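Chemist: starting from these lines, generate the structure:
(chains A, B, C and D)
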Protein chains: 2
Amino acid sequence: MTDPLHRLLGSDLAADPAFLLARARAVTSGAANARLAGFQLKVRSLSVLWLASQGFGPSQRELSEFLGLDPSQVVALVDDLQGRGLVERRPDERDRRSRIIVATEAGLDLLEQALVETRAAGDATFAGLTDDERKTLTGLLTKVAFGGRAAGD
Amino acid sequence: MTDPLHRLLGSDLAADPAFLLARARAVTSGAANARLAGFQLKVRSLSVLWLASQGFGPSQRELSEFLGLDPSQVVALVDDLQGRGLVERRPDERDRRSRIIVATEAGLDLLEQALVETRAAGDATFAGLTDDERKTLTGLLTKVAFGGRAAGD
DNA sequence: CCCAGATAGTTGAGAAAGTCAATGATTGGT
DNA sequence: ACCAATCATTGACTTTCTCAACTATCTGGG
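Modeler: I've put the predicted structure just below:
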């Protein structure tokens, strides 16, 4: 085996869900980031842009909580996207402390192109799975990622 | 809903496997790290200790590749564990460039205690899943994490 | 109305993690 | 014996994470 991975696949660690999660995430986001590099985006910034483009009008706090990021990280992310004219910070009429993040036309355009790339990256990294398996995987991951607050709850 | 997560669960992002992987990983490793704090360990260092304790005698390069880390990160990890007397760097008789990492008695003791904690953390974070679902999840994750080089190949 | 306490966003500092190039020792092939 | 490749290590540098502070604003109780 020129492949040192093979040997350690028999370890108990290799069967640990937390470890597998970490490695799978590294693989997928690495691949996605590589494909997004041309757009000056990463999965992080793309996620913000994406959420800003579907009519939800998320506040920064909502982004922070949904993405699992510190509020200050969201500030940096939005600063960057706004500086490039991809999103806007709009006032929230109900709460003047809050800012609503919404994608601009340019943001929507870029998003559309970027999603083509990430879908390609996803197809590559999930190539070993059938369509059914992918659905199963996303279902299970949703439960883990949102502590049971899945669609059915 | 006091819970802002709920609203954004309907977004396309919420159905994206790469995003779910990132969030699920953040949840699980966050919980595990919290439980490991008392041992001055994190999932990273525990993984090294674990792999060093099962008779595989991994070299640092193997650790680096298996864990998906830069070799220099492994140096730091092993330095720390070795400095605390939990692992040793042994010469590889076949290749004197290489160092074999193996857990000490103290390392094995600590590992045993630490694994109790991580199992508890795992039970908590995967509480929403049945045993069958957990098996399915680890199977699918293995394929993603190791690009198809799973047990059966 | 006014106050107290909580919350949204922002800033800045410091720790941890990730990336990359260079180096010395060693290996294997020719 | 030589040369390219490999392993571990170091150091520099960037990115990401985590926290504490601060301002502006909201909410609920008197």
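Chemist: of all the residues in the worst-scoring helix or strand of chain A on mean pLDDT, which ones are buried?
Modeler: Scoring the helices and strands of chain A by mean pLDDT, DSSP states H and E places helix A:4-8 at the bottom, with a mean of 81. For helix A:4-8, a neighbour-count test (16 or more other C-beta atoms under 10 Å in any protein chain shown) marks A:5, A:8 as buried. (Each C-beta comes from the backbone N, C-alpha and C, glycine too.)
Chemist: that one packs against which elements?
Modeler: helix B:60-67 (3 or more C-beta pairs under 8 Å, 6 or more residues apart in numbering or on different chains; DSSP states H and E).
Chemist: which residues does the helix or strand just after the helix it packs on contact?
Modeler: Using DSSP states H and E, the helix or strand that follows helix B:60-67 in sequence is helix B:71-83. Helix B:71-83 is contacted by residues B:44-45, B:48-49, B:52, B:60-61, B:63-64, B:67, B:69, B:87-89, B:99, B:101, B:107 when judged by C-beta atoms under 8 Å, 6 or more residues apart in numbering or on different chains.
Chemist: circling back to that earlier point, off-centre distance for the least confident helix or strand of chain A?
Modeler: Helix A:4-8 has its C-alpha centroid displaced from the chain centroid by 29 Å (C-alpha atoms, centre = their mean, to the nearest Å).
Chemist: ok, residues contacting that helix?
Modeler: Under C-beta under 8 Å, 6+ apart, the answer for helix A:4-8 is A:1, A:14, B:51, B:56, B:58-59, B:61-62, B:65-66, B:146, B:149.
Chemist: let me see the ranges of the helices in chain A.
Modeler: With DSSP state H, the ranges of helices along chain A come out as A:4-8, A:17-36, A:43-51, A:60-67, A:71-83, A:105-125, A:131-145.
Chemist: right, and those helices - which one's nearest DNA strand D?
Modeler: Of all these, helix A:71-83 sits nearest to DNA strand D, with 3.8 Å by C-beta to the nearest atom of the strand.
Chemist: A:A120 against A:A32, yeah?
Modeler: No. The pair A:A120 and A:A32 fails to qualify as a contact (C-beta atoms under 8 Å) at a distance of 9.3 Å.
Chemist: between these two, who's got more neighbours?
Modeler: A:A32 (27 against 13; other C-beta atoms under 10 Å in any protein chain shown).
Chemist: which of the contacts of helix B:71-83 come close to DNA strand C?
Modeler: B:44, B:69 (C-beta under 7 Å from any atom of the strand).
Chemist: just the buried ones among the contacts of helix B:71-83, please.
Modeler: Counted by 16+ other C-beta under 10 Å, those give B:44-45, B:48-49, B:52, B:60, B:63-64, B:67, B:69, B:87-89, B:99, B:101, B:107 as buried.
Chemist: show me what contacts A:R35?
Modeler: Neighbours of A:R35 in contact, by C-beta under 8 Å, 6+ apart: A:117-118, A:120-121.
Chemist: one more: A:S64?
Modeler: A:70-71, A:73-74.
Chemist: picking that back up, distance to B:L36 for the helices of chain A - can I get that in a markdown table?
Modeler: A markdown table is the format used below for the helices of chain A (distance: least, C-beta to C-beta, whole Å):
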| stretch | distance to B:L36 |
| --- | --- |
| helix A:4-8 | 21 |
| helix A:17-36 | 11 |
| helix A:43-51 | 26 |
| helix A:60-67 | 24 |
| helix A:71-83 | 24 |
| helix A:105-125 | 29 |
| helix A:131-145 | 19 |
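Chemist: any idea which of those scores lowest on pLDDT?
Modeler: Of all those, the minimum mean pLDDT falls on helix A:4-8 (a mean of 81).
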